[in-house]
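Q: this one's structure only:
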């Protein structure tokens, strides 16, 4: 399985300051929750989450990465897919 994660455009990307900001972005783009997975990578525990653009096997949308407090090797990622882009 190949996973493509692209950073959002730097001038518009910021770490999620709170879940309200994240909800606004996801609702504005009509993105629906798909699933959660573990991912080999680190997300700082000082921020709530990181938002990335996603285009891959499940369609196009966003990945929200957040820390795994039990591990520094793996983080959790939630897939939010924009409706109508599923393959």
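A: Sure thing, it's come through. As the structure is a prediction and not an experimental result, all values here were calculated from the model. Numbering: from 1, shown residues only.

Q: contacts and neighbour counts: CA atoms only from here.
A: OK.

Q: show me what contacts the closest residue to residue 82 other than its chain neighbours?
A: Counting by Cα to Cα, 6 or more residues apart in numbering, residue 82 lies nearest to residue 31, which is 4.1 Å off, once chain neighbours are set aside. For residue 31, the contacting residues are 61-62, 80-83, by Cα atoms under 8 Å, 6 or more residues apart in numbering.

Q: again with residue 44
A: The contact partners of residue 44, by Cα under 8 Å, 6+ apart, come to 66-67.

Q: recalculate using a threshold of 10 Å.
A: 50, 65-69, 72, 75 (Cα atoms under 10 Å, 6 or more residues apart in numbering).

Q: where's the residue of the chain most remote from its centre, which helix or strand?
A: Ranking residues of the chain by C-alpha distance from their mean position (Cα atoms, centre = their mean) puts residue 70 at the top, at 19.3 Å. Following DSSP states H and E, one finds residue 70 outside all helices and strands.

Q: show the pLDDT at residue 30.
A: The model reports residue 30 with a pLDDT of 83.

Q: is it true that residue 27 lies in a helix?
A: Yes - checked against DSSP: H, G, I helix; E, B strand; the rest coil, residue 27 lies within a helix.

Q: just the strands in the protein please.
A: 5-7, 31-40, 50-56, 59-66, 74-82 (DSSP state E).

Q: I'd like the ones you listed laid out as JSON lines, including distance to residue 22.
A: Below are the strands of the chain laid out as JSON lines (distance: least, Cα to Cα, whole Å):
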{"stretch": "strand 5-7", "distance to residue 22": "16"}
{"stretch": "strand 31-40", "distance to residue 22": "11"}
{"stretch": "strand 50-56", "distance to residue 22": "8"}
{"stretch": "strand 59-66", "distance to residue 22": "9"}
{"stretch": "strand 74-82", "distance to residue 22": "11"}
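
Q: so for residue 21, which of these sits nearest?
A: Across those, residue 21 has its closest neighbour in strand 50-56 (10.7 Å, Cα to Cα).

Q: check the offset of that closest one from the chain's centre.
A: 5 Å (Cα atoms, centre = their mean, to the nearest Å).
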